[in-house]
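# No sequence on hand, only this structure:
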């Protein structure tokens, strides 16, 4: 549905995964109410009736995804783009073919440049054996331009205490990329499309309390700008009532006034200058043409992007381990 005389360009159904615009190429939202954990950090519950290895059924309270013992995504390759993983609730265990590893969540963000090729795993260990283990996260794929598709892989953590938060009357905005009212996000990975401020990449999560109003400020013309309304009952956008589970595509050079309905409203906001290059995707590989995909596949078959240095494809860390990141250079960050 398109609109006229407002900042709204189009309204679409949310679906799964969420549709994106250049420079973004994929977005998934996971919200799982996992039960208590068992000794293997998996669910202390029956897995009967589930499509183990391919458990994505949205009618269930929680899913195993590609995991067989622990929920999540055992080792798999990526090339030609970046992943931005926003852990809103719960903890995520990371391991990769570079030897980097980490445990993050509860507001942390992992920014990984796949570049010329990397393998990684993202597992959801159920650390609590005395209570439920809720998990909420976004994973966003941000494309790389042709000049950067072959850069070295890079792993970076944006810890929750370093992610700026804008708060006003009834509004809370976590700024993962971009800037709002003088609140500037930490620097992204160095080869990212977001690293050039002229590309005006913004990644925000927004909570708008019931009945409260927030205005998305205008940016430059010609950017792609999408607002994902994923939780709440309704929002008024420039005076138009819109139900939840919608993508609202916006004109970037116009402000948008949002007023939440009778429930708190939650949004993901993605914005950026389009790369405007051909995109050819084959599963976890992204190139500019079919020949590029063939090259990536041949390299992966020959090298496995350095191989997998961990004892398990679904690598998880010790139950007692807190949030941490071990980088390729051996540097270790420990968080509470």
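The structure has been received and is ready for your questions. Remember, it's a predicted structure, so these values are computed and weren't measured experimentally. Numbers count the residues shown, from 1 in each chain.

# so when I look at residue 304, I'm seeing a helix, right?
Yes: assessed by DSSP: H, G, I helix; E, B strand; the rest coil, residue 304 belongs to a helix.

# give the contact list for it.
With contact taken as C-beta atoms under 8 Å, 6 or more residues apart in numbering, residue 304 is in contact with 77, 97, 119. All C-beta atoms are positioned from the backbone trio N, CA, C, and that covers glycine.

# wait, residue 32 sits on residue 72?
No: counting by C-beta atoms under 8 Å, residue 72 is not a contact partner of residue 32; they are 10.1 Å apart.

# Between these two, which contacts overlap?
residue 124.

# Closest to the centroid, which residue in the protein?
When C-alpha atoms, centre = their mean is applied to the chain, the residue found nearest the centroid is residue 139 (2.1 Å).

# what packs against whichever strand or helix holds that one?
Taking DSSP states H and E as the definition, residue 139 sits inside strand 133-143. With contacts defined as 3 or more C-beta pairs under 8 Å, 6 or more residues apart in numbering; DSSP states H and E, strand 133-143 has these neighbours: strand 24-34, strand 81-89, strand 265-272.

# same question for the second one, mean pLDDT?
The reference is to strand 81-89. In this model, strand 81-89 has an average pLDDT of 98.

# ditto for stretch 32-50
The average pLDDT within stretch 32-50 is 97.

# Show the end-to-end separation of that stretch, please.
15 Å (C-alpha to C-alpha, to the nearest Å).

# Tell me the confidence at the residue nearest to residue 199 when sequence neighbours are not counted?
Here the nearest residue to residue 199 in space, its sequence neighbours aside, is residue 273; by C-beta to C-beta, 6 or more residues apart in numbering that works out to 4.3 Å. Residue 273 is assigned a pLDDT of 98 by the prediction.

# who wins for neighbours among the contacts of residue 304?
Within the contacts of residue 304, most neighbours by other C-beta atoms under 10 Å means residue 119, with 25 neighbours.

# Skipping its backbone neighbours, what lies nearest that one in space?
residue 97 is the one closest to residue 119 (C-beta to C-beta, 6+ apart), at 4.0 Å.

# what's that neighbour in contact with, if anything?
Counting by C-beta under 8 Å, 6+ apart, residue 97 touches 75, 118-120, 304-309.
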